[in-house]
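Enquirer: Sequence first, predicted model second:
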Amino acid sequence: MVSPDNGVKIAPSILAADFSRLGEAVEEAEAGGADYVHVDVMDGRFVPNLTFGPQMVRDLRRRTDLPLDVHLMAWDTNRLVDELIDAGANIVTVHVEAAIQLHEVVQRIRSKGARPGVALSPGTPVSAVQEVLQDVDLVLVMSVNPGFGGQSFIPATLGKIERMRSVLDSRGLKAELEVDGGINLSTANGAASAGASVLVAGSAVFGAGCSVAEAIAGIRAAAAGEAA
Ligand code: DX5
Ligand code: ZN
């Protein structure tokens, strides 16, 4: 399935999949029309949860041709970005709250051949990334506090998505605007209408009670304002 040019991209988060069968989950996502595979790397310190690292990225790389969209939630940003890119990450998104030298790490991600992204937790204002927006390919606005899947979308983040969209457009920047957390059939349209161009969805894809393909199609339709 090919996503429509004017529609949002869908990035299933494997955080919500069964960790004992992540290879199959990635293959189901690709067969089901996903645009990216969203990989949440958590260190148990920047966020309370602990997930996986470069070796998992390396192993998943062999299971899909989709871009691996790695969302790094870790204090040791500088070391991990190099290892994640070497392992096959296509997009590496670092948190502004964790990156000590944000500009430097963004440049390094690009110089190593990956697409840099910058993420903002819900309490972080749009202005925090103002000085690197021209250098990134993706801005990730968190719509839950990072750390866990299955949380409820924070409605106040809609205003932040709108403000980020407005800043990007007014500066003529083409960075993708990714929204992550609590995206489901009820919230996808609001996020897309506010300006998101990529929607991450974990539990709404891998815990939906239908096939991964049906779940992705449903979120895509909901984002476009169509009945599933
Ligand atoms: C949370 C992660 C998300 C998470 C989203 O820290 O960044 O990517 O997997 O899960 P859902 O879609 O279930 O909110
Ligand atoms: Zn994420």
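Expert: Cool, got the structure. Ligands and ions are numbered 1, 2, ... in the order given.
Enquirer: And the residue of this structure that's closest to ligand 2?
Expert: Going by C-beta to the ion, ligand 2 is nearest to residue 71 of the chain, at 3.7 Å. C-beta coordinates here come from the backbone N, C-alpha and C atoms, glycine included.
Enquirer: a strand runs through that residue, doesn't it?
Expert: Yes: assessed by DSSP: H, G, I helix; E, B strand; the rest coil, residue 71 belongs to a strand.
Enquirer: partners of it in the sheet?
Expert: Beta bridges link residue 71 to residue 40, residue 93, judged by DSSP bridges.
Enquirer: Pull the contacting residues for it.
Expert: By C-beta atoms under 8 Å, 6 or more residues apart in numbering, the contact list for residue 71 reads 38, 39, 40, 41, 93, 119, 140, 180, 200.
Enquirer: For this structure, just list every one of the strands.
Expert: For the chain, the strands defined by DSSP state E occupy 9-12, 37-42, 68-73, 91-95, 115-120, 138-142, 176-180, 198-201.
Enquirer: For residue 190, which of those is the nearest?
Expert: Shortest distance between residue 190 and the strands of the chain, using C-beta to C-beta, is found for strand 176-180: 9.5 Å.
Enquirer: Could you check the angle the closest one makes with strand 115-120?
Expert: 50 degrees (axes from the mean of the first three to the mean of the last three C-alpha atoms, to 10 degrees).
Enquirer: who does strand 176-180 pair up with?
Expert: Partners of strand 176-180 in the sheet, by DSSP bridges, are strand 138-142 (parallel), strand 198-201 (parallel).
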